[in-house]
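In: build me a model from this:
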Amino acid sequence: MNCGRQLPESIGNLSQLTDLTLFSNNFNGQIPTSLANLTQLTFLYLSNNQFSGPIPASIGNLRQLTTLYFHSNNLSEQIPPSIANLTQLTSLYLSNNQFSGPIPASIGNLRQLTTLYLLSNNLSRQIPPSIANLTQLTSLYLSNNQFSGPIPASIGNLRQLTTLYLPSNNLSGQIPPSIANLTQLTSLDLSNNPFFGPIPASIGNLGQLTRLALYSNNLSGEISASLANLTQLSDLDLSNNQFSGPIPFHASRFSKLSNLGLSYNLLNGTLPPWIFTLPLLENLYLNHNQFQGQINQFQQNSLTYLDLSNNKLQGSISNSIANLVNLSYLDLSSNHFSDLVVSDMFSLQNLETIILSYNNLSLRMNVNANFTLPKLTDVSFSSCNLSEFPNFIRHSNGLQSLVLSKNSIHGNIPQWICEKDDLEILDLSHNNLIGKIPNYLPKSLSVLNLQANYFDGNIAFGFPEGCGLRNLNLHGNQMDGPLPRSLVNCSMLEVLDVGNNNIEDTFPYWVESLPDLQVLVLRSNKFHGSMQRTKESPSFPTLRVLDLSSNDFCGPLPVQYIENFKAMMDPHGEDGSPEYMEDPRNSYQYSLVVTWKGFDYELQGILTVFSSFHLSNNMFEGEIPDVIGKLSSLKGLNVSHNNLTGHIPPSLGNLTNLEWLDLSSNKLAGKIPDELVFLTQLSVLNLSNNHLVGRIPQGNQFNTFGNGSYEGNFGLCGIPLSKSCDGSGTPPSSFQEKDELWRFGWRVVVLGYGCGVVFGLLMGYLVFQTGKPKWFVSLFDGRPSQSGRKMRKAKRLVQRRS
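Out: Residues are numbered from 1 along each chain as shown. Presented below is the predicted three-dimensional model:
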């Protein structure tokens with residue numbers, strides 16, 4: 001039955017009805033109040049429809065009702081207190097609606113209730129203590145709401161409870177010790193809340209538990225040794241907390257464990273031997289901790305997912321993984337492993353993903369080894385001391401992602417890569433590859449990253465209609481000739497970076513038609529000519545990063561384009577939440593080369609709120625247009641080393657997100673606008689070598705800039721210059737007497753914390769070129785983040801969890 005209409009009020013005439021089942025019938029509109037006339041009803045099932053509006057308060061008239069199913073509709077407003085009149089109710093399902101407000105305290109009257117499902121609504125406030133009156137309750141699902149405050153201690157009264165699901169709320173405080181009274185519990189999920197403090201030792205009383213999920217909280221301290229009493233556990237997930245110390249429990253107690261998640265904590269010490277012998281273990285997540293030492297050989301063959309990445313583990317890994325014949329996902333990246341004989345992986349015939357990047361690894365490849373891993377889809381061997389392409393992947397016909405960056409691979413791109421029809425990610429950046437890029441590349445590619453090699457010749461490979469490229473990065477090669485116009489066929493292109501080549505062309509105005517283009521880098525080539533456009537149609541509406549520096553562009557700054565940079569005019573992005581740009585199918589994070597003081601640094605990860613405009617070292621002339629002041633999302637603006645004239649526009653004071661501003665080496669005249677004082681995020685200012693005059697503004701960030709920001713402007717006066725505005729000499733302020741390292745090193749890094757995140761990180765990298773802190777390294781060493789890909793590959797586990 002597929003009615004697609006409202007439930008008629010006349011249904012209330014069926015006064016003798018005891019069972020009304022109308023689920024999955026596409027009913028819409030409000031639930032008719034006449035249902036209250038069906039006083040003999042014991043079973044009411046209206047789930048999986050499109051009912052909207054509130055539950056009628058008259059629902060309380062149905063006093064014989066034992067089962068009420070209203071889940072998966074569009075019902076809203078508050079749950080009516082009159083529902084407490086249904087004292088015969090044993091099952092209440094209101095999940096997957098839009099109910100808001102608190103759970104009515106009167107719900108404690110439903111003392112026959114055994115099942116209560118309120119998950120996936122907008123319910124809020126605290127869980128009412130009266131819920132402890134529901135002593136017959138066996139299943140309580142309150143997940144995916146907005147509940148706050150602590151779990152009431154009276155929860156311990158629900159001694160018949162077998163399932164307690166409270167994840168994805170805003171519940172806080174410590175986990176109440178009274179939860180240990182729920183000795184019939186088989187499944188406990190408190191994940192995705194801000195609970196803090198230790199796991200109560202009394203949790204070890206829950207001897208029937210098969211699933212314990214406490215991940216994504218703020219829990220801390222050592223993991224309670226009492227967990228060893230939970231001998232029935234098959235799923236234990238404590239990931240994404242602040243647990244510290246070693247893993248405490250013992251092998252013999254966890255013979256049924258199939259999933260163990262301890263990732264993203266502060267755990268340390270060596271891995272206990274029992275982890276390698278659990279007979280039923282399928283998924284092991286120990287990544288992002290501080291474990292050290294060597295790993296033993298895994299004795300079980302049940303493992304399908306193994307992630308030990310981002311620890312301090314060391315030694316050889318060949319023997320450790322040889323028995324894992326069912327393994328589909330292996331991530332050992334970012335450790336100190338030193339040796340792997342690749343042929344030892346021959347037994348891993350079910351392997352789909354292998355990530356070994358960033359170790360001290362010497363891959364003993366035997367590149368001509370005649371074996372293959374037939375199910376392989378994702379390979380990441382960044383920084384693995386490779387000098388040749390690994391031969392064992394050439395026959396992996398389902399390959400989707402191949403990342404071999406930061407190695408010493410030499411020669412040409414082999415033909416077999418071009419024949420991978422499913423390949424979506426190809427990252428061969430930072431190698432010693434030479435020759436021409438093959439004319440034919442897989443049409444399936446969404447990311448092609450060949451930066452920092454020695455490719456030469458024209459960009460001759462074609463971009464056919466329907467091209468699916470999202471990211472094309474040829475930065476830092478020796479490519480020449482023009483930019484191919486067939487790029488317009490790549491309608492999903494988000495990043496185009498051909499910087500630091502020998503490309504000779506005029507400005508590629510035709511790329512303005514690419515609707516999703518966010519990053520355009522043409523820097524350090526031989527582009528030339530004017531950027532004036534004749535069309536009136538919108539252009540570059542999504543562009544956030546434009547780098548045309550070090551070319552031969554001339555004429556006035558491109559006002560017609562600037563007026564259409566809508567994304568640069570939105571300081572918060574479309575949804576207001578900053579994320580990293582990545583390929584949506586493979587979660588490969590994009591990178592960007594930025595320049596600071598003549599040095600290039602690779603930012604691994606481009607935030608969607610990052611925006612910059614870089615036109616330096618060209619031959620632009622004329623005035624800086626006022627419209628630049630509308631680009632309110634800009635983090636950086638650099639139009640230095642041109643032939644710009646006129647005044648600095650006061651509208652630049654509207655760029656309140658600006659972290660660096662460089663107008664140096666032009667012919668700008670007049671005063672520095674006082675409006676620039678409002679740039680409170682500004683960490684770098686360079687106005688040197690112009691014809692500026694008058695008093696230097698004071699206040700906010702202007703109190704931190706030294707002489708170098710203004711040198712070569714002989715008409716300027718006032719602090720920090722020694723020239724006063726009344727003609728007398730004044731000594732510089734004390735901070736100017738510090739040496740150059742202080743002025744441009746530590747002091748600016750400190751400013752970066754409060755005034756400019758991007759600049760602060762950049763300066764941090766320059767200051768700490770040796771002994772670099774880990775968080776600087778993660779941004780600037782260019783290591784591809786695997787977190788997105790892990791999430792994609794972990795969907796199977798998430799499905800198991802739910």
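In: by contact count, what packs against the host helix or strand of Asp480?
Out: In this assignment (DSSP states H and E), Asp480 forms part of strand 478-481. On a contact count with 3 or more C-beta pairs under 8 Å, 6 or more residues apart in numbering; DSSP states H and E, strand 478-481 meets strand 454-458, strand 502-503. C-beta here means a position set from N, CA and C on the backbone, and glycine is covered the same way.
In: got those strands as TSV, with mean pLDDT columns?
Out: TSV is the format used below for the helices and strands packed on strand 478-481 (pLDDT from 0 to 100):
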stretch	mean pLDDT
strand 454-458	95
strand 502-503	97
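In: just these: most buried one?
Out: Mean neighbour count (mean count of other C-beta atoms under 10 Å) peaks for strand 502-503 among the helices and strands packed on strand 478-481, with a mean of 18.
In: follow-up on the earlier one: tabulate the helices and strands packed on strand 478-481 (CSV), appending distance to Ser444.
Out: Conversion of these to CSV gives the following (distance: least, C-beta to C-beta, whole Å):
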stretch, distance to Ser444
strand 454-458, 21
strand 502-503, 26
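In: who wins for proximity to Ser24 among those strands?
Out: Shortest distance between Ser24 and the helices and strands packed on strand 478-481, using C-beta to C-beta, is found for strand 454-458: 57.6 Å.
In: mind listing residues that contact the helix or strand just after the closest one?
Out: Moving toward the C-terminus from strand 454-458, the next helix or strand (DSSP H and E) is strand 471-473. For strand 471-473, the external contacting residues (C-beta atoms under 8 Å, 6 or more residues apart in numbering) are 429, 446-451, 487, 490, 493-498, 583, 588, 590-591.
In: which of these fall in strands?
Out: Taking DSSP state E, the ones among the contacts of strand 471-473 that sit in strands are Val447, Leu448, Asn449, Val495, Leu496, Asp497, Ser591.
In: now render these as a markdown table, adding neighbour count, pLDDT and distance to Leu190.
Out: Converted to a markdown table, those look like this (neighbours: other C-beta atoms under 10 Å; pLDDT from 0 to 100; distance: C-beta to C-beta, whole Å):
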| residue | neighbour count | pLDDT | distance to Leu190 |
| --- | --- | --- | --- |
| Val447 | 26 | 95 | 38 |
| Leu448 | 23 | 95 | 44 |
| Asn449 | 24 | 96 | 41 |
| Val495 | 24 | 94 | 40 |
| Leu496 | 23 | 96 | 46 |
| Asp497 | 24 | 96 | 45 |
| Ser591 | 25 | 81 | 37 |
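In: all helices for the protein, in order.
Out: Counting by DSSP state H, the chain forms helices over residues 415-418, 559-562, 740-744, 746-755, 757-767, 774-780, 787-793, 795-801, given from the N-terminal end onward.
In: go ahead and confirm Val403 touches Ser383.
Out: No - taking contacts as C-beta atoms under 8 Å, Val403 lies outside contact range of Ser383: 10.4 Å.
In: tell me which of the ones in strands among the contacts of strand 471-473 is nearest to Ser611?
Out: Comparing the ones in strands among the contacts of strand 471-473 against Ser611 with C-beta to C-beta places Val495 closest, at 13.9 Å.
In: so what pairs up with the closest one in the strands?
Out: Asn471, Val519 (DSSP bridges).
In: ok, it touching Met581?
Out: Yes - in this structure Val495 lies within contact range of Met581 using C-beta under 8 Å: 7.2 Å.
In: shared neighbours of the two, anything?
Out: Gln518, Val519, Tyr590, Ile606.
In: surely the first one and Phe540 touch.
Out: No - Gln518 is not in contact with Phe540 according to C-beta under 8 Å; the separation is 9.3 Å.
In: what's the closest of the shared contacts of Val495 and Met581 to Asn350?
Out: Closest to Asn350 out of those is Tyr590 (30.7 Å), distances taken as C-beta to C-beta.
In: so what's the residue count around the closest one?
Out: Tyr590 sits with 23 neighbouring residues when counted by other C-beta atoms under 10 Å.
In: which neighbours do Val403 and Ser383 share?
Out: Residues touching both Val403 and Ser383 (C-beta under 8 Å, 6+ apart) are Ser357.
In: what about stretch 209-228, how long is it end to end?
Out: Terminal residues of stretch 209-228 are spaced 12 Å apart (C-alpha to C-alpha, to the nearest Å).
In: so where's the stretch 1-150 of the chain shaky on pLDDT?
Out: Low-confidence regions of the stretch 1-150 of the chain, defined by pLDDT under 70, span residues 1-4.
In: do the same with the chain
Out: Using pLDDT under 70 as the threshold, the predicted model of the chain has low-confidence ranges 1-4, 249-252, 318, 342-343, 363-370, 534-537, 572-578, 583-587, 595-599, 727-802.
In: picking that back up, C-alpha coordinates for the strand holding Asp480, PDB please?
Out: These are the backbone C-alpha positions of strand 478-481, laid out as PDB (Å, rounded to 0.1, in the frame of the first residue of the first chain):
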ATOM      1  CA  GLN A 478      60.700  21.800 -16.400                       C
ATOM      2  CA  MET A 479      57.500  21.800 -18.400                       C
ATOM      3  CA  ASP A 480      57.300  24.300 -21.300                       C
ATOM      4  CA  GLY A 481      55.000  25.400 -24.100                       C
END
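In: next, the buried residues of it.
Out: Residues of strand 478-481 classed as buried by neighbour count (16 or more other C-beta atoms under 10 Å): Met479, Asp480.
In: what does it contact?
Out: Contacts to strand 478-481, defined as C-beta under 8 Å, 6+ apart, come from residues Tyr454, Phe455, Asp456, Gly457, Asn458, Ile459, Val498, Asn501, Asn502, Ile503, Glu504.
In: pull the contacting residues for the last one.
Out: I take that to be Glu504. Asp480, Gly481, Pro482, Asn525, Lys526, Phe527, His528.
In: quick one: the fourth one and Asn501 touch, right?
Out: Yes - counting by C-beta under 8 Å, Asn525 does reach Asn501; the two are 5.5 Å apart.
In: tell me how far the closest residue to Phe610 other than its chain neighbours lies from Val495.
Out: Computed as C-beta to C-beta, 6 or more residues apart in numbering, the closest residue to Phe610 that is not its neighbour in sequence is Lys635, at 5.9 Å. Between Lys635 and Val495 the distance, using C-beta to C-beta, to the nearest Å, works out to 17 Å.
In: for Pro246, same thing?
Out: Noted for Pro246: a distance of 43 Å to Val495, by C-beta to C-beta.
In: list the buried residues of stretch 519-528.
Out: Neighbour counts over stretch 519-528 (16+ other C-beta under 10 Å) mark Val519, Leu520, Val521, Leu522, Arg523, Ser524, Asn525, Phe527 as buried.
In: can I get these in CSV with distance to Gln40?
Out: Formatted as CSV, the entries for these read as follows, by distance: C-beta to C-beta, whole Å:
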residue, distance to Gln40
Val519, 67
Leu520, 71
Val521, 73
Leu522, 77
Arg523, 79
Ser524, 82
Asn525, 82
Phe527, 82
